[in-house]
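In: I would like the atomic coordinates for the input below:
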Amino acid sequence: MKTRHMDYWITGTNNSVIGNNDTNLALGFTSSIISVVLFGSNFVPVKKFDTGDGMFFQWILCASIWIVSLVVNIILHCPKFWPLAMVGGCVWATGNITVVPIVKTVGLGLGLLIWASANLLTGWASSRFGMFGIDPEVVAKPYLNYFGAGLSALSAIIFLFVKTDVKCVTLPSASEAAPLLRNSINHSENTTTDESWVDKLSPLKKRIVGCVLAIGAGILYGCCFVPVLYIKDHSKNNESIYAGSSQFDLDYVFSHSSGIFLTSTAYFVIYCAVMKNHPKVYPEAILPGFISGFLWAIANCCWFLANNYLSAVVSFPIITAGPGLIAAMWGVFVFKEIKGLRNYLLLGLAFCIILPGSLLTAFSKI
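Out: Down below sits the predicted model:
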């Protein structure tokens, strides 16, 4: 049975790791819990602020992610930088540009639930069956693994029937709501609102667009770890350019985050060009965007650790299913996006399915 372990930790030997499997499991599940809480909450700081079409916000968020990864890289004494690991960051950043439209169309709770389910299935399938050139993960109890993944897919279908009530953001004053960059000097005198394309959609179209974007984002998110797993799997092949590469997943977080920041910057530059150098830049979204990125970066580092100590086929079901529960609680108790007995029952049913589904998938490996 194939498992992924660190080749070193402090002493640099395999024996110290193999002899502490209980410690590895404890570290892995602790990292998973931290990731679940932070991934389910990282968009909360920006929820009450206008982010326009989201392009400026996603660039601020990704800049914050890169800064955190730089600090982690320095703490790890700057391990070797692998450009291929940047591809995973590029894939993630591509999915991330859809987050603001998703939150505006179907809400934070439902949006995260849908993309988390798609993320779970994609990440699980790529690890379980060895997609995209990575080695397949062998599980001790395949029937539990398949059954758990099937339950997760069923919960994703149930989430689609949960209706949300997404309200427009009301800001304190017109001056705070105004973008920093205007189309012209006299723009503020001729225009009273700055609607994005999302705001112009009908309720039905918002729901369709939001669900489609959430599924697409989840698929992209589910593929973002593939390059790192590919490098690790080919490290023992002496003929591979990745021979001797690190088996410690956190060593790749800086490369991954660099791909995120460079891709988000490229998208923002393209956006500025399309907008003829008059992008919508909202000052009130800057600090919340940095906080959101900080929370996400910490959660992502913990996910890298969970992949290292538990393997991706175990960590994916836990970390992708759990944030939906946290986000739904925010949506129900704080933002009041999800209301009504029918929606509460559907959410309860979905959680009763996805939680045992994620646990079955996890225990199939252990």
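
In: Just give me the residue closest to the centre of the protein.
Out: Per CA atoms, centre = their mean, the C-alpha nearest to the average position across the chain is that of residue 221, at 5.9 Å.

In: For the closest residue to that residue other than its chain neighbours, which residues are in contact?
Out: Among residues not flanking residue 221 along the chain, residue 119 sits closest, at 4.3 Å (CB to CB, 6 or more residues apart in numbering). In short, each C-beta sits where N, CA and C put it, glycine included. With contact taken as CB atoms under 8 Å, 6 or more residues apart in numbering, residue 119 is in contact with 218, 219, 221, 222, 316, 320.

In: Now for those residues: which two are most distant?
Out: Across the contacts of residue 119, no pair lies farther apart than 219 and 316, at 13.1 Å, counting by CB to CB.

In: what about these two, which has more around it?
Out: Shown here are residue 219 and residue 316; by other CB atoms under 10 Å, residue 316 has more neighbours (32 against 17).

In: got a list of what that one touches?
Out: Per CB under 8 Å, 6+ apart, neighbours of residue 316: 119, 120, 123, 124, 127, 222, 361.

In: what about the closest residue to it other than its chain neighbours, is that helix, strand or coil?
Out: Spatial nearest neighbour of residue 316, excluding adjacent residues (CB to CB, 6+ apart): residue 123 at 3.8 Å. Three-state assignment for residue 123 (DSSP: H, G, I helix; E, B strand; the rest coil): helix.

In: what residues are up against residue 123?
Out: By CB under 8 Å, 6+ apart, the contact set of residue 123 is 221, 222, 223, 225, 312, 316, 320.

In: which one among these gets closest to residue 162?
Out: The closest of the contacts of residue 123, once distances to residue 162 are taken by CB to CB, is residue 320, at 17.7 Å.

In: Just the C-alphas of the helix or strand containing the closest one, formatted as CSV.
Out: In this structure, residue 320 sits in helix 312-333 according to DSSP states H and E. Extracted in CSV, the C-alpha atoms of helix 312-333 (Å, rounded to 0.1, in the frame of the first residue of the first chain):
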residue,chain,number,x,y,z
ALA,A,312,-4.6,13.9,-0.3
VAL,A,313,-7.3,11.2,-0.6
VAL,A,314,-8.0,11.6,3.1
SER,A,315,-7.6,15.4,3.5
PHE,A,316,-9.7,16.4,0.6
PRO,A,317,-13.0,14.9,1.9
ILE,A,318,-12.5,16.5,5.3
ILE,A,319,-11.3,19.9,4.3
THR,A,320,-13.6,20.4,1.4
ALA,A,321,-16.8,19.2,3.1
GLY,A,322,-16.2,20.9,6.4
PRO,A,323,-16.1,24.6,5.3
GLY,A,324,-19.6,24.3,3.9
LEU,A,325,-21.0,23.7,7.4
ILE,A,326,-19.1,26.8,8.7
ALA,A,327,-20.2,29.0,5.9
ALA,A,328,-23.8,27.9,6.1
MET,A,329,-23.8,28.8,9.8
TRP,A,330,-22.6,32.3,8.9
GLY,A,331,-25.3,32.5,6.2
VAL,A,332,-28.0,31.4,8.6
PHE,A,333,-27.1,33.1,11.9
